[in-house]
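In: sequence and predicted model, in that order:
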Amino acid sequence: MEIVGTPSKMIKRRVPAILNTVNLADKHASFPNEISGGEQQRVALARALANNPSVIIADEPTGNIDPQMSLEIMNLLIKINKLGKTVIVVTHEQSLVDYYKQRTIRIQDGMIVEDRPSAASLAAAEETAGGAQNEEEV
């Protein structure tokens, strides 16, 4: 944050808030060798959030961590998305893709082979279509 010219007052206010967002407030004084792999992943997300970007790209964020920590990282990315950030996750873990039911774009050999809407988008579309049908019946 200092590199991009953020005033120190703002840094002192923003860093604790970001650490709280990624559930690392209690690790503020820890060194990298004192935290777990999952915590290191969360530090990477905190760094990504530091300058308040509109888009976060997470390339294999669950690589090299255990399944429970993978869920925690993905839940954190969902939380960040709900805070208004666009989150793009690149993964080979089909089970995570299936579990979270978010918009999924599948790429094979450099080509988009599938663009599946999120479960929420599908539900909203069905609700809208159902409302239109009910209006016609009246």
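Out: Yep, that arrived.

In: please count neighbours and contacts with C-alpha atoms only from this point.
Out: Fine.

In: what does the helix or strand where Gln68 lies contact?
Out: In the assignment (DSSP states H and E), Gln68 maps to helix 67-82. If you take Cα atoms under 8 Å, 6 or more residues apart in numbering as the criterion, helix 67-82 is touched by Val22, Gly38, Gln41, Arg42, Pro61, Thr62, Val87.

In: restricted to strands, list those residues.
Out: If you go by DSSP state E, the contacts of helix 67-82 have Val87 in strands.

In: got the contacts of helix 67-82 as TSV, with distance to Arg14 columns?
Out: Output for the contacts of helix 67-82, formatted as TSV (distance: Cα to Cα, whole Å):
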residue	distance to Arg14
Val22	13
Gly38	22
Gln41	19
Arg42	16
Pro61	23
Thr62	26
Val87	20
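
In: which of the contacts of helix 67-82 lies closest to Asp98?
Out: Nearest to Asp98 out of these is Thr62 (Cα to Cα; 14.7 Å).

In: contact partners for that closest one?
Out: Met69, Ser70, Ile73, Met74, Thr91.

In: out of those residues, grab the one that's most surrounded.
Out: Ile73 (21 neighbours; other Cα atoms under 10 Å).

In: on that earlier part again, closest to Ala125 among the contacts of Thr62?
Out: For those, the residue nearest Ala125 by Cα to Cα is Met74; the value is 25.3 Å.

In: got a pLDDT number for the closest one?
Out: Per-residue confidence (pLDDT) for Met74: 91.
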